[in-house]
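Colleague: How does the following fold in three dimensions:
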Amino acid sequence: MKKSITLILVFCVIAVNAQIGNIDSVKLNVHIKKLMSKYNIPGASIAVLRNDSVVYSYSESKNSDKKNYLIGSCSKSFTALTILMLAEKGTIDLDKPVKSYLPWFTLKDTKNIDQITVRHLLNQSSGIGSQYGFFDYKTKDDLVFKSKLTELLATIELVNIPGIAFCYSNLNYLLLGLVVESVTNEKYSTYLTNNLFPRIGMKTTYAGLSAEILQKNSDPYQYYFFNQPFQTKFYPHSDYALAFGYVSSNISDLCVYLSFLMNHGITKNGDTLINAKSYENLVTPVNGYYAMGWGKIKYNGFDMLIHTGLDENFSSVLSFSPESKIGVVVLSNINSLEFCSLAQSSIIDMLAQKSFFQPFSMELALRWIPDSLAIFTLLLLFLNFYRWKKYGLNMGFLFKVTATLRLILGIALSLLCIWLIQKTYGISILAVINFEPDIVWGVLLIAFFGTLSSFARYFGTYAKEHNHSKLAV
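Modeller: Alright, predicted model coming up:
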């Protein structure tokens with residue numbers, strides 16, 4: 001769910017007409033296996049649609065034969081679709097203020113409250129910052145949830161004027177889910193289950209985070225140290241989080257979904273869920289590349305609608321091209337967005353008859369560097385402690401500029417790592433730790449060992465000076 005904790009991999013633009021080749025299943029299988037090995041992926045399911053037919057599928061799992069995955073922020077497209085369907089019924093006006101549907105909606109900057117419309121939420125142009133997108137409060141009490149949400153909203157200062165710029169935030173879509181509940185008088189999860197999934201033809205897709213639904217998902221994994229996967233638990237969330245993430249689905253249903261989208265909102269049995277105007281709203285970018293629950297990119301000549309999904313344990317990519325009639329689904333039961341994005345781009349590479357795109361892996365660097373530096377700072381701590389012990393473990397203040405500056409610089413560099421992680425992800429380190437525990441724990445260990453090492457060196461220098469003074473006497 002982004003960089004929301006929605007980090008969408010935007011590939012280089014190649015402005016040529018796509019010449020669609022065929023899928024070489026043997027070659028693609030080998031490449032996918034290599035990617036899974038490189039990223040230590042315990043389980044993945046992949047499918048390619050062409051002209052409404054599945055032309056390639058791949059599935060490999062460790063310790064699980066279950067087929068469902070949580071799809072993270074790919075869930076946002078269902079929220080956008082639901083809002084557009086309700087707008088066609090006249091139940092929602094996209095250009096009305098959010099406050100028309102959520103009277104309790106507030107902001108610290110009260111002058112802009114009436115400026116934020118439903119459309120702004122859909123296009124991620126409300127001005128609400130990414131850092132507010134990880135709010136959730138585990139409760140089934142609607143009043144309690146809204147009270148806690150209102151407390152958060154009252155602290156929010158917009159990062160820009162509503163409507164003028166893109167800023168991705170899960171909070172935009174959480175609010176849209178509450179708009180759906182307000183106008184339908186139904187829980188958002190219930191509305192999806194009764195009015196959306198069946199009409200599309202999705203038979204085993206679930207909205208809700210009950211224990212029964214979670215048991216239908218593949219075993220969840222996370223990385224801890226040095227890119228090693230470990231089986232973990234499902235993270236508890238309220239059902240309100242469904243509007244921005246946590247829908248449970250599978251390859252079969254998502255192929256049905258992409259086929260429906262490639263056919264401009266018409267199901268296989270001829271049911272039209274949204275009209276042409278609504279469909280254009282759904283897929284037309286505003287303020288950059290984001291439309292409504294979909295981003296739009298051009299890659300190897302294909303105009304693709306795309307969204308990535310990342311939650312604590314799962315990652316995913318959905319993409320489709322209405323013009324080329326190509327759809328791609330990539331699901332994984334571990335938090336590796338880069339694997340899913342590269343699997344998706346590799347499929348488009350093959351269809352475009354290009355060599356596989358194999359960039360430098362920032363994700364693996366982020367996983368290996370903090371852990372390696374943590375070991376380095378631990379060794380440095382032992383070295384400085386040994387030196388301090390050698391001179392008697394004496395402690396005191398050393399009134400020397402060089403030693404004092406070295407202590408301050410050592411502590412500052414150690415703590416800088418925490419600031420860099422927060423700056424990179426745009427959210428607090430406490431929020432990042434649920435999604436990238438290996439990276440955060442590596443950084444925290446660097447800060448901890450580095451700070452202790454700086455003090456050990458400082459006191460070691462003091463002890464050395466103290467010993468020299470005694471010898472001089």
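Colleague: The closest residue to Ser346 other than its chain neighbours: what's it in contact with?
Modeller: The shortest distance from Ser346 to any non-neighbouring residue, by C-beta to C-beta, 6 or more residues apart in numbering, is to Phe356 (5.0 Å). (Each C-beta comes from the backbone N, C-alpha and C, glycine too.) Neighbouring residues of Phe356 by C-beta atoms under 8 Å, 6 or more residues apart in numbering: His31, Ser346, Asp349, Met350.
Colleague: Restricting to C-alpha, output the particular helix or strand that has the second one in it in PDB.
Modeller: Under the criterion of DSSP states H and E, Ser346 resides in helix 337-351. These are the backbone C-alpha positions of helix 337-351, laid out as PDB (Å, rounded to 0.1, in the frame of the first residue of the first chain):
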ATOM      1  CA  LEU A 337       6.300  -5.400  -4.800                       C
ATOM      2  CA  GLU A 338       9.300  -5.400  -7.000                       C
ATOM      3  CA  PHE A 339       8.900  -9.100  -7.800                       C
ATOM      4  CA  CYS A 340       5.300  -8.600  -8.900                       C
ATOM      5  CA  SER A 341       6.100  -5.500 -10.900                       C
ATOM      6  CA  LEU A 342       9.000  -7.300 -12.700                       C
ATOM      7  CA  ALA A 343       6.900 -10.400 -13.400                       C
ATOM      8  CA  GLN A 344       4.200  -8.100 -14.900                       C
ATOM      9  CA  SER A 345       6.700  -6.100 -17.000                       C
ATOM     10  CA  SER A 346       8.400  -9.300 -18.200                       C
ATOM     11  CA  ILE A 347       5.100 -10.500 -19.600                       C
ATOM     12  CA  ILE A 348       4.600  -7.200 -21.500                       C
ATOM     13  CA  ASP A 349       8.300  -7.500 -22.700                       C
ATOM     14  CA  MET A 350       7.500 -10.900 -24.200                       C
ATOM     15  CA  LEU A 351       4.300  -9.700 -25.800                       C
END
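Colleague: any idea how far that helix is from the chain center?
Modeller: Offset of helix 337-351 from its chain centre (C-alpha atoms, centre = their mean, to the nearest Å): 17 Å.
Colleague: Who are the packing partners of that helix?
Modeller: helix 25-39, strand 43-50, strand 302-310, strand 315-321, strand 326-332, helix 362-390 (3 or more C-beta pairs under 8 Å, 6 or more residues apart in numbering; DSSP states H and E).
Colleague: Each with direction, which strands does the fifth one pair with?
Modeller: If I follow you right, that is strand 326-332. Paired neighbours of strand 326-332 in the sheet (DSSP bridges): strand 43-50 (antiparallel), strand 315-321 (antiparallel).
Colleague: looking at those strands, which is buried most?
Modeller: Comparing the strands paired with strand 326-332 by mean neighbour count (mean count of other C-beta atoms under 10 Å), strand 315-321 comes out on top with a mean of 27.
Colleague: now the angle from it to helix 25-39?
Modeller: Orientation note: strand 315-321 sits at an angle of 150 degrees relative to helix 25-39 (axes from the mean of the first three to the mean of the last three C-alpha atoms, to 10 degrees).
Colleague: which residues are in contact with strand 315-321?
Modeller: Taking C-beta under 8 Å, 6+ apart as the rule, strand 315-321 contacts 49, 69, 71-72, 74, 77, 254, 257-258, 261-262, 302-310, 326-332, 334-337, 339-341, 343-344, 348.
Colleague: from those, which would you call buried?
Modeller: 49, 69, 71-72, 74, 77, 254, 257-258, 261-262, 302, 304-310, 326-332, 334-337, 339-341, 343-344, 348 (16 or more other C-beta atoms under 10 Å).
Colleague: Put together CSV for the strands paired with strand 326-332, with distance to Ile83 on each row.
Modeller: Formatted as CSV, the strands paired with strand 326-332 follow (distance: least, C-beta to C-beta, whole Å):
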stretch, distance to Ile83
strand 43-50, 25
strand 315-321, 18
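Colleague: ok, Met362 touching Glu338?
Modeller: Yes: between Met362 and Glu338 a contact is recorded at 7.1 Å, counting by C-beta atoms under 8 Å.
Colleague: What number of residues are in the vicinity of the nearest residue to Leu175 once chain neighbours are set aside?
Modeller: Leaving aside its chain neighbours, Leu175 sits nearest to Leu121 (5.7 Å; criterion: C-beta to C-beta, 6+ apart). When neighbours are counted by other C-beta atoms under 10 Å, Leu121 registers 26.
Colleague: mind listing what Leu121 touches?
Modeller: With C-beta under 8 Å, 6+ apart, Leu121 has these contacts: Val98, Asn172, Tyr173, Leu175, Leu176, Val179.
Colleague: quick one: which of those is most hemmed in?
Modeller: Tyr173 (29 neighbours).
Colleague: secondary structure element for that one?
Modeller: Using DSSP H and E, Tyr173 sits in helix 170-184.
Colleague: that older thread, reformat the contacts of Phe356 as TSV; add pLDDT and distance to Asp219.
Modeller: Formatted as TSV, the contacts of Phe356 follow (pLDDT from 0 to 100; distance: C-beta to C-beta, whole Å):
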residue	pLDDT	distance to Asp219
His31	97	25
Ser346	96	25
Asp349	95	30
Met350	95	30
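Colleague: got those as CSV, with distance to Met395 and neighbour count columns?
Modeller: Converted to CSV, these look like this (distance: C-beta to C-beta, whole Å; neighbours: other C-beta atoms under 10 Å):
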residue, distance to Met395, neighbour count
His31, 58, 19
Ser346, 58, 23
Asp349, 61, 21
Met350, 64, 22
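Colleague: Which pair in those has the greatest spatial separation?
Modeller: His31 and Asp349 (9.2 Å; C-beta to C-beta).
Colleague: How confident was the prediction at Ile14?
Modeller: You'll see Ile14 listed with a pLDDT of 33.
Colleague: Determine the angle, from 0 to 180 degrees, between the helix holding Ser346 and strand 43-50.
Modeller: Using the same axes, to 10 degrees: helix 337-351 against strand 43-50 is 30 degrees.
Colleague: now helix 337-351 against helix 362-390, angle please.
Modeller: Going by the same axes, to 10 degrees, helix 337-351 makes 150 degrees with helix 362-390.
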